[in-house]
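> no sequence for this one, just the structure:
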């Protein structure tokens, strides 16, 4: 028997990476449903501008998802300003791509920090809030790359596989507690992150609004596994049961093995430049001289 769709009117929703792309589109779709929305973004000014443009009392705050204390403060602020949290959408993520052996350690570390640690922090903090209020809905944005391996995006795929596994384990742990979990796995999305990537023969890129609509539907129905488009789910399930040689042949036939391996770098230039800046900043921080007390402690 189908579940009666839940109303989202008045629900308090926090979205990470909400300044642009999927996050922004999801905020807009939820506002249309009557939800009260807060968006967090590493670019605090962008979050504020986006919130102002969306209207409806949307809250825009600075958020670095790799900073657990800052993430906790963000969710606390959302509750203080909008009310008890009903939904947390872990959407923030990055996708620098290229040959695996040419990837710098700083790039890999940044991918893991944002795409995985950020989701782990957000999931733990969300469940803490939901447990106090008797329930809630956690939505983690992964990718179809979380169900397969794609040349040119090895570490990215690893982080998205981790998000899928993390979400499945959390779902099992919180079953019966009033907390729902959804993992969303889109193909390439027409955002800055997906710029310059070729389409496959089987699936064209989707719009951020398509992902937003799928998220809204999952929040209404409680559906766990969400593929965008839905038809890609059948391909992923088939891949899991056929011999590897067959799966490889199909991937090559539909050019799925070229999506991350053969990008248009000119079309992707703005995104790659922004990624280079954030990775360089991470590299500088990682290699900074430790404070004197820490050096003395190691010597001792």
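Perfect, thanks for sending it. Fair warning: this is a prediction, and the values are worked out from it, not measured in the lab. Residues are numbered from 1 along each chain as shown.
> okay, CA-based contacts and neighbour counts for the rest of this
Will do.
> my read: residue 222 touches residue 178, true?
No - judged on C-alpha atoms under 8 Å, residue 222 makes no contact with residue 178 at a distance of 10.8 Å.
> Looking at those two, which has the bigger crowd around it?
Of the pair residue 222 and residue 178, residue 222 is the one with more neighbours under other C-alpha atoms under 10 Å, namely 18 against 13.
> Give me the helices and strands touching the strand ranked longest in the chain, please.
The longest strand of the chain (DSSP state E) is strand 179-186. In terms of contacts (3 or more C-alpha pairs under 8 Å, 6 or more residues apart in numbering; DSSP states H and E), strand 179-186 is packed against helix 118-133, strand 136-141, helix 154-174, helix 208-221, strand 225-228.
> Now render the ones you listed as JSON lines, adding mean pLDDT.
Output for the helices and strands packed on strand 179-186, formatted as JSON lines (pLDDT from 0 to 100):
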{"stretch": "helix 118-133", "mean pLDDT": "97"}
{"stretch": "strand 136-141", "mean pLDDT": "98"}
{"stretch": "helix 154-174", "mean pLDDT": "98"}
{"stretch": "helix 208-221", "mean pLDDT": "98"}
{"stretch": "strand 225-228", "mean pLDDT": "98"}
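> Format those as CSV; extra columns: distance to residue 59 and mean neighbour count.
Listed next are the helices and strands packed on strand 179-186 as CSV, based on distance: least, C-alpha to C-alpha, whole Å; neighbours: other C-alpha atoms under 10 Å:
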stretch, distance to residue 59, mean neighbour count
helix 118-133, 18, 20
strand 136-141, 19, 25
helix 154-174, 26, 19
helix 208-221, 18, 20
strand 225-228, 27, 21
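> mind putting the ones you listed in TSV, distance to residue 41 included?
Shown next, in TSV, are the helices and strands packed on strand 179-186 (distance: least, C-alpha to C-alpha, whole Å):
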stretch	distance to residue 41
helix 118-133	12
strand 136-141	15
helix 154-174	20
helix 208-221	17
strand 225-228	23
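> right, and these - which one's nearest residue 57?
helix 208-221 (19.1 Å; C-alpha to C-alpha).
> what does the closest one rub up against?
The contact list for helix 208-221, computed with C-alpha atoms under 8 Å, 6 or more residues apart in numbering, reads 3-8, 21-23, 25-26, 29-30, 137, 139, 182, 184, 186, 189-191, 224, 226, 228-229.
> distance of residue 95 from residue 189?
12 Å (C-alpha to C-alpha, to the nearest Å).
> Looking at the two, which is more packed in?
For residue 95 versus residue 189, neighbours defined as other C-alpha under 10 Å are more numerous around residue 189 (22 against 19).
> List phi and psi for the more buried one.
Dihedral angles of residue 189 (phi, psi; degrees, to the nearest 10) stand at phi -110, psi 140.
> For it, which non-adjacent residue is spatially closest?
residue 206 (4.9 Å; C-alpha to C-alpha, 6 or more residues apart in numbering).
> shouldn't that neighbour be in contact with residue 194?
No - between residue 206 and residue 194 no contact is recorded; they are 10.0 Å apart, counting by C-alpha under 8 Å.
> quick one on the thing from earlier: what does the model give the residue nearest to residue 189 for pLDDT?
Residue 206 carries a pLDDT value of 97.
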